[in-house]
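Asker: Prediction below, plus the sequence it came from.
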Amino acid sequence: MSQVSEKTDDRLEKIFQLQKGLSEMMNLDRYPKDSEGRVSALCTAIMHEAVELQRTTNWKWWKTPTAFNESEAREELIDIWHFVVQASLELNLTPDDIVDEYKRKNEINRERQRKGY
């Protein structure tokens, strides 16, 4: 394994560790008890955070544009990452699983592009 790959793997592992630690600190009384309910709740959170990220952009073509706040956009993107990582944990995906699934799906998407999808 290359040094770059090892470093990336270590970083993803660290993100998973940080998320597990955060989850252990949270009051989860209102968190759904079943896996499907938790994944559904996390999907809702991801969608809402995506809307918050979109709101940092000038997507409203009918409105006078404002300066793009990259710092705010980054924060919203990281909020999405928190929920994506938590969903990964709920689905028992490890960082290695994430990389493997990403590669698998990336190849499917590449093949689709080659075929004019």
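Answerer: That came through fine.
Asker: Quick check: which helices or strands does the host helix or strand of Met47 pack against?
Answerer: Using DSSP states H and E, the element containing Met47 is helix 35-54. Judged by 3 or more C-beta pairs under 8 Å, 6 or more residues apart in numbering; DSSP states H and E, helix 35-54 is in contact with helix 70-90. Every C-beta, even on glycine, is put in place using the N, C-alpha and C of the backbone.
Asker: Check which helices and strands whatever helix or strand comes next after the helix it packs on is in contact with.
Answerer: For helix 70-90, the following helix or strand on the C-terminal side (DSSP H and E) is helix 95-114. Counting contacts by 3+ C-beta pairs under 8 Å, 6+ apart, helix 95-114 is packed against helix 3-25.
Asker: and if we set it to 10 Å?
Answerer: Judged by 3 or more C-beta pairs under 10 Å, 6 or more residues apart in numbering; DSSP states H and E, helix 95-114 is in contact with helix 3-25, helix 70-90.
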